[in-house]
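[1] Based on what follows, work out the 3D shape:
(chains A and B)
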Amino acid sequence: AAGVIQSPRHLIKEKRETATLKCYPIPRHDTVYWYQQGPGQDPQFLISFYEKMQSDKGSIPDRFSAQQFSDYHSELNMSSLELGDSALYFCASSLSDRGGETQYFGPGTRLLVL
Amino acid sequence: AQTVTQSQPEMSVQEAETVTLSCTYDTSESDYYLFWYKQPPSRQMILVIRQEAYKQQNATENRFSVNFQKAAKSFSLKISDSQLGDAAMYFCAYRSAYGRQRNRDDKIIFGKGTRLHILP
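    This next block holds a predicted model:
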């Protein structure tokens, strides 16, 4: 079965640079979520999109922005990168039937900021 | 706000034995979902088991089962016949069932995790 695809899988950036993370949800899933997992931490919710509209927002820095496109893929744009942005970024997708309770996670993008 | 608490940062179990991971949560909602996710060294987040709060019957998936106590807000995971491949970080997680339908959030809230070691 098709799973959530994230690219790139690994990314190394310098401080103050910009990064773009991409997420391709499971086919027919209409909701995308982004989570950030720092070293030794639990995943923290950043932002979500339903039918290309932002549906919820968590602890996402103002330096970050995201959107969902007409083909339902999503991109997380991160500017003015800081050392503390080094983390594993997960994308998850779900289908909004009865709330789409199960979120399926992608393999994550490991971002290292030097 | 909802919270999820895992009081056991690390646990160890002998291979083929049974182990129980604890989780408690706090919420004022009556309808929600609870999950256990497994994160092996690859750091992939894998869904282990799911429980709907409105169901009294405990969920079971092969060697994995839960003990869901709604009144006590407890949701423990039992792993039977532990295998070396079960070694991982296990996250207990909560999600509101209302989500977008009632203009509420549908994000997952995770506990801090329990690292499970399997001893050969």
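[2] Report the beta-bridge partners for B:Arg115.
    B:Glu10, B:Met89 (DSSP bridges).
[3] Tell me who's in contact with the nearest residue to B:Leu47 once chain neighbours are set aside.
    With sequence-adjacent residues excluded and distances taken as C-beta to C-beta, 6 or more residues apart in numbering or on different chains, B:Leu47 is closest to B:Tyr37, at 5.8 Å. C-beta here means a position set from N, CA and C on the backbone, and glycine is covered the same way. By C-beta atoms under 8 Å, 6 or more residues apart in numbering or on different chains, the contact set of B:Tyr37 is A:105, B:45-48, B:90-91, B:93, B:110.
[4] Okay, the residue positioned nearest the centre of chain B and A:Ser7: tell me how far apart.
    Geometric centre of chain B, nearest residue: B:Trp36, 2.8 Å, by C-alpha atoms, centre = their mean. Relative to A:Ser7, B:Trp36 is positioned 28 Å away (C-beta to C-beta, to the nearest Å).
[5] how about the residues of chain B near chain A?
    Proximity of chain B to chain A (C-beta under 8 Å from any C-beta of the partner chain) is limited to residues B:33, B:35, B:37, B:42-47, B:50, B:52, B:91, B:95, B:97-101, B:105-113.
[6] again, only this time at 7 Å
    B:33, B:43-45, B:47, B:50, B:91, B:95, B:97, B:99-101, B:105-108, B:110-113 (C-beta under 7 Å from any C-beta of the partner chain).
[7] remind me which residues of chain B are low pLDDT?
    Along chain B, segments meeting pLDDT under 70 span B:99-105.
[8] Tell me where chain B has strands.
    B:3-5, B:10-14, B:19-21, B:24-26, B:32-39, B:46-52, B:60-61, B:64-69, B:74-79, B:88-96, B:108-110, B:114-119 (DSSP state E).
[9] ok, the nearest residue to B:Ser22 once chain neighbours are set aside - how many residues close by?
    Excluding the flanking residues, the one nearest B:Ser22 by C-beta to C-beta, 6+ apart is B:Ser76, at 5.1 Å. Neighbour count for B:Ser76, taken as other C-beta atoms under 10 Å in any protein chain shown: 17.
[10] Name whatever forms a beta bridge with B:Ser76.
    B:Asn67.
[11] Going by neighbour count, list what's buried in the strand or helix carrying A:Asp56.
    Assigned by DSSP states H and E, A:Asp56 belongs to strand A:53-57. Across strand A:53-57, burial judged by 16 or more other C-beta atoms under 10 Å in any protein chain shown covers A:55-56.
[12] partners of that strand in the sheet?
    Sheet pairing of strand A:53-57 (DSSP bridges) gives strand A:44-50 (antiparallel).
[13] nearest residue to B:Gln39 other than its sequence neighbours?
    Excluding its sequence neighbours, the residue lying closest to B:Gln39 (C-beta to C-beta, 6+ apart) is B:Met89, at 4.4 Å.
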